[in-house]
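[1] with the input below, show me the fold.
(chains A and B)
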Number of protein chains: 2
Amino acid sequence: MKAGPLLETVIYADDIPAAQRFYEQVLGLSLFRAVENRFALFRCGEQMLLVFNPAVTSSQSLQDGPPPHGARGQGHVCFRATLAEQALWKAHLPAHGIAIEKEMRWPGGGHSFYVRDPAGNSVEFAEAKIWT
Amino acid sequence: MKAGPLLETVIYADDIPAAQRFYEQVLGLSLFRAVENRFALFRCGEQMLLVFNPAVTSSQSLQDGPPPHGARGQGHVCFRATLAEQALWKAHLPAHGIAIEKEMRWPGGGHSFYVRDPAGNSVEFAEAKIWT
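    Below you'll find the model as predicted:
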């Protein structure tokens, strides 16, 4: 048996409204649902990107809700982006006050760059070929 | 501008070999590369599932490597699975000593169930329609 494809990618943020502004207004994801201070859930292609507040979701399960989870620290997420798309993002993000933290030219080929979301999560935009 | 699709989904584990056994041998993912105690990287359809050891990756960047990241606590990841596939997993996982933690019938429709990986991350198998 072989699991997949992935349906949900999860990161954590203590300030859910700040995360919502970043992922909805700066990255342009479609908000599915947000509950202030608990989570903000976004569509991202065929998947969902879920942002949870670990202070809430690690300890308090909603009644009849899913099992608790919640991590603290700097997580990581990566969006697929061609070189041309990366060039557009590298103009767009600084215009919204988001600094480019690092650019990577991968040894096996392909290019990516990194920013931080408001919670400090490492957000990468990468060519798919970095994994070939 | 609109980010996506997602290229990498990341979770964390202190014991990388244990995580590798779970995701490779129990969940059947294809190992891309593993460096003992640092990370295990898996293909999952068009995406990558990356498991990092936060004790290593949150503090030590590889030379000329990507920016540090690393979270601690119970993360969450979800694989798409039809009801028929969920039935197969619910036989497969307990046969490998993995307990079914919870089953969810979602208010808006759709069914999912949860197990834990060796690091305690919440691993869900869900019908895609839970997000419609």
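[2] and residue A:50, what does it touch?
    A:8-11, A:39, A:41-42, B:76 (CB atoms under 8 Å, 6 or more residues apart in numbering or on different chains). Just so you know, the C-beta spots here come from the backbone N, C-alpha and C atoms, and that holds for glycine as well.
[3] and the furthest pair within these?
    A:42 and B:76 (14.9 Å; CB to CB).
[4] go ahead and flag the most central residue of chain A.
    What sits nearest the mean C-alpha location of chain A, by CA atoms, centre = their mean, is residue A:77, with 4.7 Å.
[5] is it correct that residue A:66 is in contact with residue B:106?
    No - applying CB atoms under 8 Å, one finds residue A:66 not in contact with residue B:106, separated by 9.4 Å.
[6] ok so, going back, inside strands: which ones of the contacts of residue A:50?
    A:8-11, A:39, A:41-42, B:76 (DSSP state E).
[7] nearest to residue A:101 among these?
    residue A:11 (16.1 Å).
[8] could you give the bridge partners of the closest one?
    Using DSSP bridges, the beta-bridge partners of residue A:11 come out as residue A:51.
[9] which elements pack onto the helix or strand of chain A with the lowest mean pLDDT?
    Sorting the helices and strands of chain A by mean pLDDT, DSSP states H and E puts helix A:54-57 at the bottom, at a mean of 92. Applying 3 or more CB pairs under 8 Å, 6 or more residues apart in numbering or on different chains; DSSP states H and E, one finds that helix A:54-57 makes contact with strand A:70-74.
[10] tell me the mean pLDDT for the strand it packs on?
    For strand A:70-74, mean pLDDT is 96.
[11] what does stretch A:33-50 give?
    So the average pLDDT for stretch A:33-50 ends up being 95.
[12] for it, which positions count as buried?
    Using 16 or more other CB atoms under 10 Å in any protein chain shown as the test for burial, stretch A:33-50 gives A:34, A:39-42, A:44, A:46-50.
[13] relative to chain B, how far out is residue A:98?
    12 Å (CB to the nearest CB, to the nearest Å).
[14] quick one: residues contacting that residue.
    A:22, A:26, A:115-116.
[15] could you redo the last one with a cut-off of 10 Å?
    Counting by CB atoms under 10 Å, 6 or more residues apart in numbering or on different chains, residue A:98 touches A:22, A:26-27, A:89, A:92, A:115-118, A:123.
[16] got the phi/psi numbers for it?
    phi -100, psi 120 (degrees, to the nearest 10).
[17] gap between the two ends of stretch A:66-86?
    36 Å (CA to CA, to the nearest Å).
[18] same deal with stretch A:99-107?
    Calculated as CA to CA, the first-to-last residue distance of stretch A:99-107 is 24 Å.
[19] cool, and stretch A:70-79?
    22 Å.
[20] and it, what's buried?
    For stretch A:70-79, by 16+ other CB under 10 Å, it's A:70-71, A:73-79.
[21] okay, those residues in a markdown table with distance to chain B next?
    A markdown table is the format used below for the buried residues of stretch A:70-79 (distance: CB to the nearest CB, whole Å):
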| residue | distance to chain B |
| --- | --- |
| A:70 | 5 |
| A:71 | 4 |
| A:73 | 4 |
| A:74 | 4 |
| A:75 | 5 |
| A:76 | 4 |
| A:77 | 7 |
| A:78 | 4 |
| A:79 | 4 |
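[22] not counting sequence-adjacent ones, nearest residue to residue A:121?
    Among residues not flanking residue A:121 along the chain, residue A:75 sits closest, at 4.5 Å (CB to CB, 6 or more residues apart in numbering or on different chains).
[23] what sits against that neighbour?
    Neighbouring residues of residue A:75 by CB under 10 Å, 6+ apart: A:9-13, A:51, A:117, A:119-123, B:10-12, B:52, B:54, B:69-71, B:75.
[24] which helices and strands does the longest helix belonging to chain A pack with?
    Taking DSSP state H as the criterion, chain A has its longest helix at helix A:83-95. Helix A:83-95 makes packing contacts with strand A:76-80, strand A:111-116, strand A:122-126 when contacts are defined by 3 or more CB pairs under 10 Å, 6 or more residues apart in numbering or on different chains; DSSP states H and E.
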